[in-house]
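*Asks:* Predicted coordinates and the sequence they were generated for:
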Amino acid sequence: MSKLTGKSVAVLATHGFEQSELSEPVEAVRKAGALVHIISLDGKPIQGMNHDEKGEMVDANNAVSDVSAQDYDGLILPGGVANPDSLRMSCEAMQFVRDFFSKHKPVAAICHAPWTLIEANVVKNRNVTSFPSIKTDLLNAGALWDDQEVVIDQGLITSRNPDDLPAFCQAIIDEFSKGEQARQTV
């Protein structure tokens, strides 16, 4: 039996997500046995990016308004600059993220995705990393920032950029297999 057999994972993203930061974690958790749903703001396909070039369109399984954190065992937030900036403007997306924390479920965010965590107000006193350009934003939100390829804080998994994907994907599998985390709360 694979580490994530019987687990379901939500991936919350919208237009402008970094292609590899969605595709590689999705492939990793699927290979580990998880059922994966791509959740977009409106349930429609979303446009990926390969840095500043358009990537592939990805089909969404559901709109964020049609799902609940209760239905999933973990949440993945891919980066890209436009993706988290758009997500943090959606009240429904922010509530979806907060619900994972209030239900003590693991959350993984890479690159610029911690912007979403800042807006959801879930980073205060948490150990995190991110793309360097949002370090100050995280510090101003009360996070404890460290320049490491992956930082794990009681079910919150963060990484800096696509170069960190191998460590990030392994950390997701390890943390998601543990399930609920007592400190993972709003």
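*Replies:* Okay, I see it.

*Asks:* show me what contacts the residue most central in space within the chain?
*Replies:* Closest residue to the average C-alpha location of the chain: residue 77 at 1.9 Å, with Cα atoms, centre = their mean. The contact partners of residue 77, taken as Cβ atoms under 8 Å, 6 or more residues apart in numbering, are 11-13, 84, 87, 97, 107-110, 113, 116-117. Bear in mind the C-beta positions are built from the backbone N, C-alpha and C, glycine included.

*Asks:* confidence score at residue 186?
*Replies:* If you check residue 186, the pLDDT there is 59.

*Asks:* whoops, residue 178 was the one
*Replies:* pLDDT, residue 178: 87.

*Asks:* Next: residue 182.
*Replies:* 54.

*Asks:* same question, residue 2
*Replies:* 85.

*Asks:* which one is it nearest to, not counting chain neighbours?
*Replies:* Distances taken as Cβ to Cβ, 6 or more residues apart in numbering place residue 33 nearest to residue 2, at 3.2 Å, with adjacent residues excluded.

*Asks:* host element of the one you found?
*Replies:* Under the criterion DSSP states H and E, no helix or strand holds residue 33.

*Asks:* Residue 124 now?
*Replies:* Short version, using DSSP H and E: residue 124 is in no helix or strand.

*Asks:* Can you tell me how far it is from residue 15?
*Replies:* 29 Å (Cβ to Cβ, to the nearest Å).

*Asks:* Give me the more crowded residue out of the two.
*Replies:* Using other Cβ atoms under 10 Å, the more surrounded residue of residue 124 and residue 15 is residue 15, with 17 against 11.

*Asks:* isn't that one right next to residue 82, touching?
*Replies:* Yes. Residue 15 is within contact range of residue 82, at 6.3 Å (criterion: Cβ atoms under 8 Å).

*Asks:* residues contacting residue 151?
*Replies:* Listed by Cβ under 8 Å, 6+ apart, the contact set of residue 151 reads 127-129, 157-159.

*Asks:* of the contacts of residue 77, closest to residue 21?
*Replies:* Nearest to residue 21 among the contacts of residue 77: residue 110, at 5.0 Å, using Cβ to Cβ.

*Asks:* Now do the closest one against residue 65, distance only.
*Replies:* In terms of Cβ to Cβ, residue 110 sits 25 Å off from residue 65.

*Asks:* neighbour-wise, which of these two wins?
*Replies:* Neighbour tally, residue 110 and residue 65, criterion other Cβ under 10 Å: the higher count belongs to residue 110, 32 against 14.

*Asks:* Name the residues linked to the more buried one by a beta bridge.
*Replies:* residue 159 (DSSP bridges).

*Asks:* Check whether residue 23 sits in a helix, strand or coil.
*Replies:* Residue 23 carries the three-state label helix when classified by DSSP: H, G, I helix; E, B strand; the rest coil.
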